[in-house]
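Undergrad: Got a sequence here, can you build the structure:
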Amino acid sequence: MTSKTRCPWLKISNYEYVKYHDQEWGVAVHDDIKHFEMLILEGAQAGLSWETILKKRDTYREVFHGFDPVKVANMSDDDLESLLLNPGIIRNRLKIFSSRRNAHVFLAIIEEFGSFDQYVWNFVDNNTIINKPKTMKDIPTSSKESDALAKDLKKRGMNFVGSTIIYAYMQAIGMVDDHIEGCFKSYDK
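TA: As a prediction, this is how the structure comes out:
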């Protein structure tokens, strides 16, 4: 896997990280379960490395019922409290409890728009923003679109959805493509 030129932020020694870069990061997502997964994981990542979250993703999938927002919305306080003892996830009370709150908001958005996908892609006019960064310094941490989406999600009641977290989410689900020029995944191949 190391023969391809990849974005310089990637740690080639971590197979899961390489696989994530090559197969997921920047690829357009149109599945509501995947949207919910990435919102939860990006919120959990706040203040930590994405590599840390990738190592814990399988446990997150297990304890949050495959990221089914209906099941997460129905988790009890006791269910969430028990997760504070699970070393397979980030044991931050606010992040864990926000998953249930965010599930409720996520479901309300689906009710209003027909799907979360329909709602979220409207913030980029249903087209991936291709930035074509030349260096790591050229990759922004937020944008007017992430500002607008974060503001709207917060207004609706979501937590851990600041503009920087939402920009990372937008990168993860392909609303933004920030593969570095020269990376085999970039649009400037």
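
Undergrad: for the protein, what spans make up the helices?
TA: For the chain, the helices defined by DSSP state H cover 15-23, 32-45, 50-63, 69-73, 77-83, 93-113, 116-121, 144-156, 163-172.

Undergrad: Please identify which of those helices is closest to residue 131.
TA: Comparing those by their distance to residue 131 (C-beta to C-beta), the top pick is helix 163-172, with 9.5 Å. C-beta coordinates here come from the backbone N, C-alpha and C atoms, glycine included.

Undergrad: Would you mind getting the angle between that closest one and helix 32-45?
TA: Angle between the axes of helix 163-172 and helix 32-45 is 140 degrees (criterion: axes from the mean of the first three to the mean of the last three C-alpha atoms, to 10 degrees).

Undergrad: so how far is residue 154 from the spatially most central residue of the chain?
TA: What sits nearest the mean C-alpha location of the chain, by C-alpha atoms, centre = their mean, is residue 38, with 3.1 Å. Relative to residue 154, residue 38 is positioned 17 Å away (C-beta to C-beta, to the nearest Å).

Undergrad: so where's this protein uncertain?
TA: Filtered on pLDDT under 70, the chain yields the residue ranges 1-3, 187-189.

Undergrad: Apply 90 and report the result again.
TA: For the chain, the stretches with pLDDT under 90 are 1-5, 8-17, 47, 51, 182, 186-189.

Undergrad: Could you pull up the contacting residues of residue 70?
TA: If you count contacts by C-beta atoms under 8 Å, 6 or more residues apart in numbering, residue 70 has them with 103, 107.

Undergrad: To residue 7, which of the helices of the chain lies closest?
TA: helix 15-23 (6.5 Å).

Undergrad: Just send the helices of the chain back as JSON lines, with distance to residue 134 too.
TA: Shown next, in JSON lines, are these (distance: least, C-beta to C-beta, whole Å):
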{"stretch": "helix 15-23", "distance to residue 134": "18"}
{"stretch": "helix 32-45", "distance to residue 134": "25"}
{"stretch": "helix 50-63", "distance to residue 134": "22"}
{"stretch": "helix 69-73", "distance to residue 134": "38"}
{"stretch": "helix 77-83", "distance to residue 134": "42"}
{"stretch": "helix 93-113", "distance to residue 134": "34"}
{"stretch": "helix 116-121", "distance to residue 134": "27"}
{"stretch": "helix 144-156", "distance to residue 134": "21"}
{"stretch": "helix 163-172", "distance to residue 134": "17"}
